[in-house]
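**Q** mind looking at a prediction? Sequence and model below.
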Amino acid sequence: MKKKKVDFTKILTIVPISFWMLFFVAVPLLYIVFISFMQRGNDGGIVYTPTISNYTRMGSALYVKVFWDSIVIAFVTTVFALGFGYPFAYFASKIKKFKIVIMLLLMAPFWTNSLIRTYGWIVILSTSGVLNHALIITGIIKEPLKMLYTYGAVMIGMIYTMFPFMVLPLYNSIDKMDRAFIEAAKDLGASRLKTFRTVTIPLTMPGIVAGCILVFIPSVGLFFIPDLMGGSNVMLIGNLIRNQFLEARDWPFGAALSIVMIFLSLILILVYVKIIGKNSDMGVF
Amino acid sequence: MESKVLRRLERAYVILIFAFLYVPIAIIVIYSFNATKSNVVFSGITLDWYTALFNDDDVITALINSLTIAAISTAISAVIGTVGAIGLERQKFKGKGAIDLLIYIPIVIPEIIMGISLLVFFSALQMDFGILTLILAHTTFCIPFVLINVKSRLAGFDMSVEEAAMDLGASKFTVFRTITIPLIFPAIISGAMLAFALSLDDVIINFFVSGPESTTLPIKIFSMLRFGLSPEINALCTIMLLATFVVLILSQVTKLKKKKIE
């Protein structure tokens, strides 16, 4: 037999990280998969009898609506964030003078507590809030409008919260782009629109896709924005999952909902890898 | 000239969007100094809400909890993340691909999934929900940020310096202490700062793994918001904003310094 020397450096550098990731990431997720096929006990516990009823239950109209609403809200959020974010990132990257300041201004909302940023909008939109006050003073309206606890308020909250996640990868990819290509296209007689469509967009595609994924995936799960800004009018998958775990105590069903949500995210990430290739981070670190 | 007008319009658009991003934050900060309870009419400057905040035992407990959790999980994730980055960058072993993949999971899956999976996991182990479960959960989502930061730094540097030191008779540990660590130090610091900011700001995971005795600042803010608006919330949010901005600016400064050295 070959004698193998024990490599202590190897053990020391590999074991802690592997152990932590297996124990706190892999095992809990596998356990979620496992209990999604179990039944709920009468006392809110888990009964270990296999079933697929947690998955078939999602076919009911009530849950289909929640899924549909979540996907629509996430999609609209993504479209708005991209629509406003792309020109913003593009124009901002042209300003070279205060680059560090602009970078900091872009990053600060990204790292700011989303609860606090949501709160800012609650202050603005509430019935006795800043916006109603301003509209009444200027004589545009007589009675305060109900702006908070509406679908629109949830949309604003979502777009506002997710906007930095779109802009940061966009800014990074636009900033990295070699502008010589654009000059070349112009010299060769391409119109502005054509240059943008055939040169700029493909060159910044990694940022576009990364931004869309970073916005779409979390917006399905941001349960506290519908809670705080939508009253009880809007329900997302995130709210539904949260309720199963913290209120209804139906863990198996909550687990099954989570698995579906993970699949949704994985599909999107596969799309990202397919379009962009493996060796690119999402440009946000 | 056409292009000059266009450029002005572009600038105006950039400023408008920045306003959209910052006006809600500015409103919170401004009204935290308002002399009356109103979030609309500004009637003079006061620090009363800050005084009230510091006399509120619940808030102070939540602040201490949040800082303790952030400090400990940052420290653990800095050590495990750094050591792990060295291992994953330089060693080859069975199952390396799986570990590489697991590192990205806390970043790419929705936070709520991390939250519920740890909730179910901790209760299966019959652990009491509190500071310990919060630290374990925060460390888990902080490790990847440190690790990826340090790993990309390691990938960029010249191994021949280390080999030279070994040829000159330095032990493995000496090389690690006097060459590797100083080279990756800026990456460790900026990774750790981001981890600290993330831990302080986390809302969703706190929701699932905190117990009744371990309220953190975000949970406290959430429950205050449900009871209605008060200027104390403005003051609390302003303090948290300040903390985030300081950490962010410091981490950017270390990053810039690092670039200058290169």
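**A** Yep, it's here.
**Q** show me where the stretch 1-150 of chain A has helices.
**A** In the stretch 1-150 of chain A, helices defined by DSSP state H, counting those that start in this stretch lie at A:8-21, A:27-35, A:53-56, A:61-94, A:99-111, A:114-125, A:130-137, listed in chain order.
**Q** tabulate those helices (CSV), appending distance to chain B and mean pLDDT.
**A** Backbone N, C-alpha and C define where each C-beta goes, glycine included. Shown next, in CSV, are those (distance: least, C-beta to the nearest C-beta, whole Å; pLDDT from 0 to 100):
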stretch, distance to chain B, mean pLDDT
helix A:8-21, 3, 91
helix A:27-35, 4, 96
helix A:53-56, 14, 92
helix A:61-94, 4, 92
helix A:99-111, 5, 83
helix A:114-125, 3, 87
helix A:130-137, 4, 84
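**Q** so what's the residue count around A:Phe163?
**A** 25 (other C-beta atoms under 10 Å in any protein chain shown).
**Q** run a quick neighbour tally on the residue lying closest to it once chain neighbours are set aside.
**A** Spatial nearest neighbour of A:Phe163, excluding adjacent residues (C-beta to C-beta, 6 or more residues apart in numbering or on different chains): A:Ala81 at 5.2 Å. Summarising burial for A:Ala81: neighbours were counted as other C-beta under 10 Å, giving 28.
**Q** quick one, what contacts A:Ala81?
**A** Counting by C-beta atoms under 8 Å, 6 or more residues apart in numbering or on different chains, A:Ala81 makes contact with A:159, A:162-163, A:165-167, A:211, A:215.
**Q** can you pick the most crowded of those residues?
**A** That'd be A:Gly211 among the contacts of A:Ala81, by other C-beta under 10 Å, with 32 neighbours.
**Q** is the helix or strand containing that one in proximity to chain B?
**A** Assessed by DSSP states H and E, A:Gly211 sits inside helix A:205-221. Yes - counting by C-beta under 8 Å from any C-beta of the partner chain, chain B is contacted by helix A:205-221 at A:217-218, A:220-221.
**Q** and the helix or strand following that helix, what does it pack onto?
**A** Counting by DSSP H and E, the next helix or strand C-terminal to helix A:205-221 is helix A:224-229. Secondary-structure packing of helix A:224-229 (3 or more C-beta pairs under 8 Å, 6 or more residues apart in numbering or on different chains; DSSP states H and E): helix A:114-125, helix A:151-176, helix A:237-246, helix B:217-226.
**Q** quick one: mean pLDDT for helix A:224-229?
**A** For helix A:224-229, mean pLDDT is 88.
**Q** and stretch B:158-173, by the same measure?
**A** For stretch B:158-173, mean pLDDT rounds to 84.
**Q** can you pull the pLDDT of A:Lys2?
**A** Per-residue confidence at A:Lys2 stands at 50 (pLDDT).
**Q** what's the answer for the one 4 residues further on, then?
**A** pLDDT, A:Val6: 71.
**Q** ranking the helices of the stretch 1-150 of chain A by burial, who's on top?
**A** helix A:114-125 (a mean of 23; mean count of other C-beta atoms under 10 Å in any protein chain shown).
**Q** how far out from the middle of the chain is it?
**A** The chain centre lies 18 Å from the centre of helix A:114-125; the measure is C-alpha atoms, centre = their mean, to the nearest Å.
**Q** which residue, other than its chain neighbours, is closest to A:Ile269?
**A** In space, and not counting its chain neighbours, A:Ile269 is closest to B:Val108: 5.8 Å by C-beta to C-beta, 6+ apart.
**Q** ok, that neighbour touching A:Ser265?
**A** Yes - assessed by C-beta atoms under 8 Å, B:Val108 is found in contact with A:Ser265 at 6.7 Å.
**Q** overlap in contacts, the two.
**A** A:Ile217.
**Q** can you check the pLDDT for the nearest residue to A:Val76 once chain neighbours are set aside?
**A** Distances taken as C-beta to C-beta, 6+ apart place A:Met155 nearest to A:Val76, at 6.6 Å, with adjacent residues excluded. Per-residue pLDDT puts A:Met155 at 92.
**Q** B:Leu154 too?
**A** At B:Leu154, pLDDT is 86.
**Q** neighbours of B:Met159, just the number please.
**A** Based on other C-beta under 10 Å, the number of other residues close to B:Met159 is 10.
**Q** typo on my end, it should be B:Cys237
**A** Using other C-beta under 10 Å: B:Cys237 sits among 25 other residues.
**Q** got it, and B:Asn65?
**A** 22.
**Q** tell me the contacts of it?
**A** B:131, B:134, B:214-217.
**Q** now do the buried residues in the host helix or strand of it.
**A** Here B:Asn65 sits within helix B:57-90, counting by DSSP H and E. By neighbour count on 16 or more other C-beta atoms under 10 Å in any protein chain shown, the buried set for helix B:57-90 is B:59, B:62-63, B:65-67, B:69-70, B:72-88.
**Q** what angle sits between that helix and helix A:8-21?
**A** 140 degrees (axes from the mean of the first three to the mean of the last three C-alpha atoms, to 10 degrees).
**Q** just the angle between helix B:57-90 and helix B:217-226, please?
**A** Using the same axes, to 10 degrees: helix B:57-90 against helix B:217-226 is 140 degrees.
**Q** for B:Val108, the count of nearby residues, please.
**A** Counted with other C-beta under 10 Å, B:Val108 comes out at 18.
**Q** residue 204: what's its closest spatial neighbour, skipping adjacent residues?
**A** This is for chain A. For A:Thr204, the closest residue by C-beta to C-beta, 6+ apart turns out to be A:Ser173, at 4.7 Å.
**Q** my bad, the chain I had in mind was chain B
**A** B:Glu111 is the one closest to B:Ile204 (C-beta to C-beta, 6+ apart), at 4.2 Å.
**Q** tell me the residue of the stretch 151-285 of chain A that sits nearest chain B?
**A** Closest to chain B within the stretch 151-285 of chain A is A:Gly221: 3.8 Å, counting by C-beta to the nearest C-beta.
**Q** which residues does that residue contact?
**A** Neighbouring residues of A:Gly221 by C-beta under 8 Å, 6+ apart: A:236-238, A:241, A:261, B:110-113, B:204.
**Q** out of these, which are buried?
**A** The neighbour count (16+ other C-beta under 10 Å) marks A:236-238, A:241, A:261, B:110-113, B:204 as buried among the contacts of A:Gly221.
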